[in-house]
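> have a look at this fold, sequence not included:
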């Protein structure tokens, strides 16, 4: 199905008009307002700022003989009313907030603890190189983990909610220390006025009843790695003797999802050049009974055979469309599931500060190596240029923190006329650095795919609205 | 009705109330490789609900 897209961008306002799955959708980027419109209103809005009212009325009267001039004038009146309400052609009044954000004290709120630089799988696309991050195999000690928790509390200022993700390598290769760190944090959180949210990312090989019960008590979220269909998963996610892990992990993940009442977990896959038909992998996982799904494009050296290439982009975008349409169908038949990138909360999503400043890499969020070194995030670990300090002596490279504080939607040239900038917040600095050599750069492929995901996420919301209107009739 | 507005929230409302930093760090939630800011939720608004 053809998808028509038109954008109206000026320095002040940004309106994105597109057709998707039979709907005409207008996104007013600055206010976040979403409008579902008919064909006539779609054309009026699309031409509103570039043509005179008389020209538009003349043109549309010829094109749509069944509508009257009065009908078109009503559309103009509706647009004027929405403009007055700040819901259409709204100005960008957020630029000055960038200065405010940069002036704020840097308070840490999240840490990625590299609990194990070792892994019991040897996934071919692993950016951590079999979990070792281009270094030696290493496990975090309780002393380092305890100090990391103390450091996070010390650096968190007045923030109450603190997050710690156990990451690797494979965290369950160091499960005893994971449990000790969590027990320590729980023992002091009340006195310190903090609330710890723990997440665990695992490949599932060592997942057993003990781990599941512990995770269900302690973990706010569990990320379970699976790439989809058996042939997809077992092509890339293999043991050190090249054996696929699908048959071993799927039953465990199904048990885990049920034990968590289908909440507080994600089955998280990676797609590569070898499965550009990844919507089939997502639907396969949904058909296995998983209801919380995430699937990400591989991060890889462009020279690798499995790396995504520019020629894949049209196929990938079509896959996102196919997935969105199938999700609409399943939602309507009561068999819906959640896809991470199609979760969008139009009423209670993040505030404008978060949308401008992004994930907090190097400022709100840092990664800790097994020996206590601090990096801006897990994707910079092992690159000495990005070493910030360590949990014992604190952040030494304050200039680098300042550089990361400048990462926001206004510092990226490519974001200036992008309708999705307040939905992706400028994208991933690590991806940008690895593609362009600059942390304030952008990765063209990531941008293309993210725009497509945002369009589809909004379309699903529109579909839900119409579905609920039909139910009420 | 030729124009239906899907949502009532306006981002400008969050200029005064936002910025508390209590929401979840997006990269911690599922992706770990690409950003998903918009699919996070505001803790203040969640509490109000």
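Thanks, I have the structure now. What you are looking at is a predicted structure, and each value in this text was computed from that prediction instead of being measured.
> hmm, residue A:160 is touching residue B:20, no?
No: taking contacts as CB atoms under 8 Å, residue A:160 lies outside contact range of residue B:20: 9.2 Å. All C-beta atoms are positioned from the backbone trio N, CA, C, and that covers glycine.
> how far is the longest helix along chain B from where the chain is centred?
In terms of residue count, the longest helix belonging to chain B (DSSP state H) is helix B:43-48. How far helix B:43-48 lies from its chain's middle: 10 Å, per CA atoms, centre = their mean, to the nearest Å.
> could you pull up the residues touching the closest residue to residue A:97 other than its chain neighbours?
Leaving out its chain neighbours, the residue that sits closest to residue A:97 by CB to CB, 6 or more residues apart in numbering or on different chains is residue A:356, at 5.9 Å. Under the criterion of CB atoms under 8 Å, 6 or more residues apart in numbering or on different chains, the neighbours of residue A:356 are A:94, A:97, A:98, A:101, A:408, A:409, A:410, A:422, A:425.
> what about residue A:77, neighbour count?
Close neighbours of residue A:77, defined as other CB atoms under 10 Å in any protein chain shown, add up to 10.
> by mean pLDDT, flag the weakest helix or strand of chain A.
Scoring the helices and strands of chain A by mean pLDDT, DSSP states H and E places strand A:5-9 at the bottom, with a mean of 57.
> quick check: buried residues in the longest helix of chain B?
Under the neighbour-count criterion of 16 or more other CB atoms under 10 Å in any protein chain shown, helix B:43-48 has B:43, B:45 buried.
> looks to me like residue A:210 is in a helix.
Yes: secondary structure of residue A:210 (DSSP: H, G, I helix; E, B strand; the rest coil): part of a helix.
> return the subset of the contacts of residue A:356 lying in helices.
Using DSSP H to define helices, the subset of these located there is A:97, A:98, A:101, A:422.
> any idea how far the second one lies from chain B?
According to CB to the nearest CB, to the nearest Å, residue A:98 and chain B sit 12 Å apart.
> for that residue, give me its contacts.
Residues near residue A:98 by CB under 8 Å, 6+ apart: A:356, A:408, A:410, A:411.
> tell me how far the third one lies from residue A:25.
Using CB to CB, to the nearest Å, we find residue A:410 at a distance of 26 Å from residue A:25.
> compare neighbour counts for those two and give me the winner.
When residue A:410 and residue A:25 are compared for neighbours, residue A:25 comes out ahead with 22 against 19, by other CB under 10 Å.
> name the element the more buried one belongs to?
Residue A:25 belongs to strand A:23-28 when elements are defined using DSSP states H and E.
> tell me what that strand is packed against?
Here strand A:23-28 touches strand A:14-20, strand A:33-37, helix A:39-47, helix A:444-472, going by 3 or more CB pairs under 8 Å, 6 or more residues apart in numbering or on different chains; DSSP states H and E.
> give me the angle between that strand and helix A:39-47.
With axes from the mean of the first three to the mean of the last three CA atoms, to 10 degrees as the basis, strand A:23-28 and helix A:39-47 are set at 30 degrees to each other.
> from the chain's centroid, how far away is strand A:23-28?
Here strand A:23-28 is found 22 Å from its chain centre; the criterion is CA atoms, centre = their mean.
> for residue A:163, list the residues it contacts.
Contacts of residue A:163 (CB under 8 Å, 6+ apart): A:109, A:110, A:111, A:196, A:197, A:198, A:199, A:220, B:24, B:25, B:28.
> the residue lying closest to the fifth one once chain neighbours are set aside: neighbour count?
Leaving out its chain neighbours, the residue that sits closest to residue A:197 by CB to CB, 6+ apart is residue A:220, at 4.0 Å. Close neighbours of residue A:220, defined as other CB under 10 Å, add up to 19.
> quick check, residue A:220 in a strand?
Yes: counting by three-state DSSP, residue A:220 is found in a strand.
> my guess is it meets residue A:182, correct?
No: the pair residue A:220 / residue A:182 is not scored as a contact, 11.3 Å apart, by CB under 8 Å.
> before we move on, the earlier item: of all the contacts of residue A:356, which two lie farthest apart?
Farthest pair in the contacts of residue A:356 (CB to CB) is A:101 and A:422. Separation: 13.9 Å.
> these two: which has the busier surroundings?
Remark: of residue A:101 and residue A:422, residue A:422 carries more neighbours, 27 against 19, as counted by other CB under 10 Å.
> tell me which helix or strand the residue nearest to that one when sequence neighbours are not counted sits in.
Using CB to CB, 6+ apart and skipping residues adjacent in sequence, the residue nearest residue A:422 is residue A:355, 4.3 Å away. Using DSSP H and E, residue A:355 sits within helix A:352-357.
> which elements pack onto the next helix or strand after that helix?
Next along the chain after helix A:352-357, taking DSSP H and E as the criterion, comes strand A:365-368. Secondary-structure packing of strand A:365-368 (3+ CB pairs under 8 Å, 6+ apart): strand A:110-117, strand A:373-375.
> quick one: the longest helix of chain B near chain A?
Yes: counting by CB under 8 Å from any CB of the partner chain, chain A has neighbours in helix B:43-48: B:43, B:44, B:45, B:46.
> wait, which of those is closest to chain A?
Using CB to the nearest CB, residue B:45 is the member of the residues of helix B:43-48 next to chain A that lies nearest chain A, at 3.9 Å.
> hang on, the closest one packs against residue A:348?
Yes: the pair residue B:45 / residue A:348 is scored as a contact, 3.9 Å apart, by CB under 8 Å.
> shared neighbours, residue A:220 and residue A:182?
The contact sets of residue A:220 and residue A:182 overlap at residue A:198 (CB under 8 Å, 6+ apart).
> please enumerate the strands of chain B.
Ranges of strands within chain B are B:3-5, based on DSSP state E.
> least confident secondary structure element in it?
helix B:26-29 (a mean of 68).
> circling back to that earlier point, for residue A:58, state which of the residues of helix B:43-48 next to chain A is nearest.
When the residues of helix B:43-48 next to chain A are ranked by distance to residue A:58 (CB to CB), residue B:45 comes first, at 45.1 Å.
> what about the residue of chain B found nearest chain A, neighbour count?
Closest residue of chain B to chain A, CB to the nearest CB: residue B:18 (2.5 Å). By the criterion of other CB under 10 Å, residue B:18 has 21 neighbours.
> now it. Nearest residue, chain neighbours left out?
Leaving out its chain neighbours, the residue that sits closest to residue B:18 by CB to CB, 6+ apart is residue A:351, at 2.5 Å.
> what residues are up against that neighbour?
Taking CB under 8 Å, 6+ apart, we find residue A:351 in contact with B:11, B:14, B:17, B:18, B:19, B:20, B:23, B:42, B:44.
> and the nearest residue in space to residue A:313 that is not next to it in sequence, how far from residue A:454?
Excluding its sequence neighbours, the residue lying closest to residue A:313 (CB to CB, 6+ apart) is residue A:448, at 5.5 Å. According to CB to CB, residue A:448 stands 11 Å off from residue A:454.
> show the model's pLDDT score for residue 1.
Just going to use chain A. Predicted confidence (pLDDT) at residue A:1: the value is 40.
> hm, I was asking about chain B
Looking at residue B:1, its pLDDT stands at 74.
> A strand includes residue A:223, no?
Yes: under three-state DSSP, residue A:223 falls within a strand.
> test my guess that it contacts residue A:203.
No: with contact defined as CB under 8 Å, residue A:223 does not reach residue A:203; the gap is 10.1 Å.
> state the distance from the nearest residue to residue A:376 once chain neighbours are set aside to chain B.
Spatial nearest neighbour of residue A:376, excluding adjacent residues (CB to CB, 6+ apart): residue A:362 at 3.3 Å. To chain B, residue A:362 is 12 Å away according to CB to the nearest CB.
> phi and psi next, for residue A:362.
phi 80, psi 0 (degrees, to the nearest 10).
> correct me, but the residue nearest to residue A:313 touches residue A:314?
No: counting by CB under 8 Å, residue A:448 does not reach residue A:314; the two are 9.5 Å apart.
> great, nothing more from me.
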